[in-house]
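Participant: Need a 3D model of the following:
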Amino acid sequence: PGTFEYNDSCKNIYLFCDSTTRTCNYKGCSNSDYIKKWDITLRPIPTRCDNTSYCPDDNSQCTPRVSVGSHCELQRDDECIGTNTICLNSTCFTKGAPLGGNCASDTTLYTSEDADEKLVQQTIVRDNCTEGTYCLESTCVISKDLNSVCSQDRECLSGTCSNEGFCIQGPDVFRVIKAWLWGILGACIVIFILLVLGLLWILHRYQSRQEHAKIDKFFGDNDDFTKYAMLDEDDSSMVYLKTPDYLQSQALSTSHKNPSSSNLHRMQ
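Facilitator: Numbering: from 1, shown residues only. The predicted model follows:
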């Protein structure tokens, strides 16, 4: 048991062991756009293969995909032709065995390190049964519902078996929202919009009344001032002033100063 990571005698990240010549040659393809510890300044990363070919584990060169029944590398489903194929026991199968039909499966024990750098073993069992079923003793049986006892993810309809050994809903599973929940959500949105519009209408009416009250008070005060002004105008008198006659004023002033001479003139 191990990681099943490919390794050969070349011991060089840029080279692979060519079994035909038994020599180390440069890698000619890649399964990803990033290779750990690869220095692109020394050598560019090999190109990826197209949909009609695959890159073997040794990264030698792009190789045409193989048909159902042909040999494939460990769990390399991408080496098999078709979109519904699977590599089991190093052989390409069609993943279409029906409920109650004969099936094939393979078991692989992986060893990896956890966050505390402790070795963790994980058993992976794969089969070629259709969705909603799994292979049990070479026969496809129906998958289990939630909370059922399980030992592998493939046994559960949800695709997730908990560490306690029960089928649970996976964290990445899409949950379908029922129609009545959508109805309640829509009704809440409509009610919220109506409440907001109602509050805005009440606020508008209040502000409008305040403005109308100010306008009425303004024009009412003007009318009152006009009425008071008209009443005061009837009882008041007006004095008109004109430019004084200085000659007449002088004559009047002289006559007041000499009253005796005026009397003499009268006696004569």
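Participant: element containing the closest residue to residue 14 other than its chain neighbours?
Facilitator: Once flanking residues are discounted, residue 14 sits nearest to residue 43: 5.5 Å by CB to CB, 6 or more residues apart in numbering. Where C-beta positions appear, they are placed from N, C-alpha and C, glycine not excepted. Assessed by DSSP states H and E, residue 43 sits outside every helix and strand.
Participant: wouldn't residue 43 be in contact with residue 26 here?
Facilitator: Yes: under the criterion of CB atoms under 8 Å, residue 43 makes contact with residue 26 at 7.2 Å.
Participant: Give me the common contacts of those two.
Facilitator: residue 14 (CB atoms under 8 Å, 6 or more residues apart in numbering).
Participant: ok, back up a step: tell me how many other residues surround the residue nearest to residue 14.
Facilitator: Residue 43 has 12 neighbours, counted by other CB atoms under 10 Å.
Participant: Also the one 10 residues further on?
Facilitator: A count of nearby residues for residue 53, using other CB under 10 Å, gives 15.
Participant: Kindly report the same for the one 4 residues further on.
Facilitator: Residue 57 is surrounded by 17 other residues when neighbours are defined as other CB under 10 Å.
Participant: can I assume it is in contact with residue 73?
Facilitator: Yes: the pair residue 57 / residue 73 is scored as a contact, 5.4 Å apart, by CB under 8 Å.
Participant: looking at it, residue 119 is touching residue 109, isn't it?
Facilitator: No: under the criterion of CB under 8 Å, residue 119 makes no contact with residue 109, lying 11.9 Å away.
Participant: secondary structure class for residue 205?
Facilitator: helix (DSSP: H, G, I helix; E, B strand; the rest coil).
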